[in-house]
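Peer 1: Structure for the following, please:
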Amino acid sequence: MFIPGFLLLGIGIGMLFDQTGAGTLIGLGLGFVAENIEKNLKKKKKDF
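Peer 2: Reported below is the predicted structural model:
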């Protein structure tokens, strides 16, 4: 559920600076990174 959250956060911050498109892309990228980190942490925890 990281991607939609970061996406909306990016849109909101982008609207503050009149750069909605850039905020959307930054939020989307951060959402993908956060989901990947979470998946890797869960995988490492499962291995132990």
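Peer 1: residues touching the residue nearest to F6 when sequence neighbours are not counted, list them.
Peer 2: Leaving aside its chain neighbours, F6 sits nearest to G31 (3.5 Å; criterion: Cβ to Cβ, 6 or more residues apart in numbering). (C-beta placed from N, C-alpha, C; glycine too.) Taking Cβ atoms under 8 Å, 6 or more residues apart in numbering, we find G31 in contact with 2-7.
Peer 1: Is G31 part of a helix or strand, or is it coil?
Peer 2: helix (DSSP: H, G, I helix; E, B strand; the rest coil).
Peer 1: Under the pLDDT cut-off, which ranges of this protein? List them.
Peer 2: 48 (pLDDT under 70).
Peer 1: tally of neighbours for G10?
Peer 2: Neighbourhood size, G10 [other Cβ atoms under 10 Å]: 23.
Peer 1: N36 and L9: what is the separation?
Peer 2: 18 Å (Cβ to Cβ, to the nearest Å).
Peer 1: coming back round to it: among the contacts of G31, which one sits closest to K46?
Peer 2: F2 (19.0 Å; Cβ to Cβ).
Peer 1: Go ahead and confirm the closest one touches G29.
Peer 2: No - assessed by Cβ atoms under 8 Å, F2 is found out of contact with G29, at 11.3 Å.
Peer 1: Nearest residue to the middle of this protein?
Peer 2: By Cα atoms, centre = their mean, the mean C-alpha position of the chain lies nearest to G31, the distance being 1.5 Å.
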